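Visitor: fold the following for me, if possible:
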Amino acid sequence: MIHIVDYGLGNIGAFLSRFNELNIPAVSAKDAATLSEADHIILPGVGSFDHAMNLLNKSGMRSTLDELVLEKKVPVLGICVGMQILGQSSDEGEQPGLGWIGGKIRALECRQDAGNVPLPHMGWNDVNPSQALPLLKGMQNSRFYFLHSYYFDNGLSENCGATANYGGDFTCIVNKDNVWGVQFHPEKSHHFGSNLLKNFAEL
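Guide: Numbering: from 1, shown residues only. Just a heads-up that it's a prediction; the model follows:
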């Protein structure tokens, strides 16, 4: 069953509704005992990097998450700030991230090719796969809804699953083994988002 980590951030209800529409069993997990039964994990997030890490560390689920993801290799999907905390650190704060995928979170405006685009990056944008991705199986010309001012500056190119362009290309899907992250919001992305969540459930 898919477990959505409820540590105080992200629209848990929106994910539960999407999975219900897809007839895929899903529950929210607010404690380690519930989370320990997961065979797939959604790690949502909104707001700032440090706030997300502080809440997750105080949730009582951090060690269980590490065990499930790093030792038992349970598939996990980080979304928006939930993707960013998969990395090692962020220009936005001082807290260390989960460190499950090498890379640092940087401000979109600091890129040399950023130009004068308004921030945050908000609205629909094309997602361009860098490789064949099971998350995007059966989808062509996929578009997703974004809302962010920071991006995942991945340390290794092989961890970049897809890019989007906003004043230049940036990584919008990361992957390492069973760990996945998307910068956009599949729960707000209509049929593209539903297809991605269905593909994740089938990993």
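Visitor: skipping its backbone neighbours, what lies nearest V182 in space?
Guide: I173 (5.3 Å; Cβ to Cβ, 6 or more residues apart in numbering). (C-beta placed from N, C-alpha, C; glycine too.)
Visitor: helix or strand: which one has the one you found?
Guide: For I173, the element it lies in under DSSP states H and E is strand 169-176.
Visitor: helix or strand right after that strand?
Guide: Counting by DSSP H and E, what follows strand 169-176 is strand 179-182.
Visitor: what strands flank that following strand, and is each parallel or antiparallel?
Guide: Sheet pairing here is set by DSSP bridges, and for strand 179-182 it gives strand 76-79 (parallel), strand 169-176 (antiparallel).
Visitor: name the residues that touch the last one?
Guide: Identification of contacts with strand 169-176 by Cβ atoms under 8 Å, 6 or more residues apart in numbering yields 83, 86, 100-103, 108, 111, 113, 125, 127-129, 133, 135, 144, 146, 151-154, 159-164, 180-184.
Visitor: give me that answer again for 7 Å
Guide: Here strand 169-176 makes contact (Cβ atoms under 7 Å, 6 or more residues apart in numbering) with 83, 86, 100-101, 108, 127, 133, 135, 151-152, 154, 159-164, 181-184.
Visitor: follow-up on the earlier one: give me the buried positions along the strand holding I173.
Guide: F170, T171, C172, I173, V174, N175, K176 (16 or more other Cβ atoms under 10 Å).
Visitor: gap between the residue lying farthest from the centre of the chain and D126?
Guide: Ranked by distance from the centre of the chain (Cα atoms, centre = their mean), the top residue is N116, with 26.1 Å. Note on N116: its distance to D126, by Cβ to Cβ, to the nearest Å, is 21 Å.
Visitor: tilt between the longest helix seen in the chain and strand 169-176?
Guide: Ranked by number of residues, the top helix in the chain under DSSP state H is helix 190-201. Interaxial angle, helix 190-201 versus strand 169-176 (axes from the mean of the first three to the mean of the last three Cα atoms, to 10 degrees): 30 degrees.
Visitor: helix 190-201 packs against which elements?
Guide: On a contact count with 3 or more Cβ pairs under 7 Å, 6 or more residues apart in numbering; DSSP states H and E, helix 190-201 meets helix 12-21, strand 143-148.
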